[in-house]
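K.L.:
Make a model of this:
(4 chains)
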Number of protein chains: 2
Amino acid sequence: MTLPHPSADQISLPNVLAVLGDPTRLAIVRYLASKEGVPLNCSRFLDLCSKTNLSYHLAKLREAGVTRTEAVGTSRLITLRRDDLDRRFPGLLDSVIAAAGDDASLPAVGGHEIEVRA
Amino acid sequence: MTLPHPSADQISLPNVLAVLGDPTRLAIVRYLASKEGVPLNCSRFLDLCSKTNLSYHLAKLREAGVTRTEAVGTSRLITLRRDDLDRRFPGLLDSVIAAAGDDASLPAVGGHEIEVRA
DNA sequence: CCTTTAGTTCAAAGGTTATTGAACAATTGG
DNA sequence: CCAATTGTTCAATAACCTTTGAACTAAAGG
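P.N.:
Modelled structure (predicted):
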């Protein structure tokens, strides 16, 4: 049940850029980077778009080699493929994430954190 | 007769990434970077596609704020907007150009250099 | 003035991408 | 087993992108 991922050397630069050139996907990547190391499941991104559409965008990110998706039970854990991207395109991910960091025009992934009641 | 260019702060990250996510345009940018400082006219890129199509791609690059186009006589001089891009998205252009540097899958801008006959 | 050169604009065609709702599959918990 | 949860697939639609040829503009040179 492992989903298809490109190998590191199959990752194409124009493809990665094109995939990141969508506000919804860029917001996903920015959020993944902000929680780096922590695998997140899809539902974390449901503020961005419908479930169906999210499935589509996450597939694009996975097929481009930007993210890794692991099926665990009924949910999928999404992680950034930082190692592969850094090896392949040194500095690219960091500069994209830094540039996206202060971009108010990007949609925000809402706070699903456990709220601490005052 | 000055063509419309976005101001530096109008340059949008998703837009820049999307525009660079096309092999033809990435090849143009890579070539511009390899000749940095030297303004090139459109005809330099005619190996990549038809004249009409080139006009379209160069307009996309200009409208996204990636290049600057200056009309001089009957020709247009194209330059990379490195200062603006570096200010806006530090490191991005460099990492894209470096990554594109060794990408054999990108179309190449042919040698229009003055051939030295043996 | 006429022609060449350099590049644009236009309309049309064809392709790809994004988004949607309805239906589906798979795992988990009662 | 039944229901809920999580996410996918499908078909449809609308929007956008790329590419084309034909017609055009504008400057420069003879």
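K.L.:
What residues of stretch A:91-100 count as buried?
P.N.:
Neighbour-count burial for stretch A:91-100, counted by 16 or more other Cβ atoms under 10 Å in any protein chain shown, picks out A:91, A:92, A:93, A:94, A:95, A:96, A:97, A:99, A:100. C-betas here are computed from N, CA, C, even on glycine.
K.L.:
is it fair to say the last one lies in a helix?
P.N.:
It refers to residue A:100. Yes - counting by DSSP: H, G, I helix; E, B strand; the rest coil, one finds residue A:100 located in a helix.
K.L.:
Could you pull up the residues touching it?
P.N.:
Contacts for residue A:100 (Cβ atoms under 8 Å, 6 or more residues apart in numbering or on different chains) come out as A:26, A:27, A:29, A:30, A:106, B:13.
K.L.:
give me that answer again for 6 Å
P.N.:
Residues in contact with residue A:100 (Cβ atoms under 6 Å, 6 or more residues apart in numbering or on different chains) are A:26, A:30, B:13.
K.L.:
now, which of those residues lie within strands?
P.N.:
The strands, defined by DSSP state E, take in nothing from these.
K.L.:
Redo those residues as a markdown table? Include pLDDT.
P.N.:
Shown next, in a markdown table, are the contacts of residue A:100 (pLDDT from 0 to 100):
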| residue | pLDDT |
| --- | --- |
| A:26 | 98 |
| A:30 | 97 |
| B:13 | 98 |
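K.L.:
Kindly indicate which of those lies nearest DNA strand C.
P.N.:
Among the contacts of residue A:100, residue A:26 lies closest to DNA strand C (Cβ to the nearest atom of the strand), at 10.5 Å.
K.L.:
how many neighbours does the closest one have?
P.N.:
By the criterion of other Cβ atoms under 10 Å in any protein chain shown, residue A:26 has 23 neighbours.
K.L.:
ok, it - contacts?
P.N.:
Residue A:26 touches A:20, A:100, A:106, B:14, counting by Cβ under 6 Å, 6+ apart.
K.L.:
Distance-wise, check the third one relative to residue A:54.
P.N.:
Distance check for residue A:106 against residue A:54: by Cβ to Cβ, to the nearest Å, it reads 16 Å.
K.L.:
repeat for residue A:15
P.N.:
To residue A:54, residue A:15 is 20 Å away according to Cβ to Cβ.
K.L.:
ok, now residue A:76?
P.N.:
Applying Cβ to Cβ to residue A:76 and residue A:54 gives a distance of 11 Å.
K.L.:
I'd like the buried residues of stretch A:91-100 written out as TSV, with pLDDT and distance to DNA strand D added.
P.N.:
Shown next, in TSV, are these (pLDDT from 0 to 100; distance: Cβ to the nearest atom of the strand, whole Å):
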residue	pLDDT	distance to DNA strand D
A:91	97	25
A:92	98	20
A:93	98	22
A:94	98	26
A:95	98	22
A:96	98	19
A:97	98	23
A:99	97	20
A:100	97	19
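K.L.:
which one of those residues sits closest to residue B:82?
P.N.:
Top of the list for closeness to residue B:82, among the buried residues of stretch A:91-100 and by Cβ to Cβ, is residue A:95 at 13.9 Å.
K.L.:
Now that closest one. Nearest residue, chain neighbours left out?
P.N.:
Spatial nearest neighbour of residue A:95, chain neighbours left out: residue B:91 (3.8 Å); criterion: Cβ to Cβ, 6 or more residues apart in numbering or on different chains.
K.L.:
Which residues of chain A lie near DNA strand D?
P.N.:
Within chain A, the residues that sit near DNA strand D (Cβ under 7 Å from any atom of the strand) are A:41-43, A:51-52, A:54-56, A:58-59, A:69, A:74-76.
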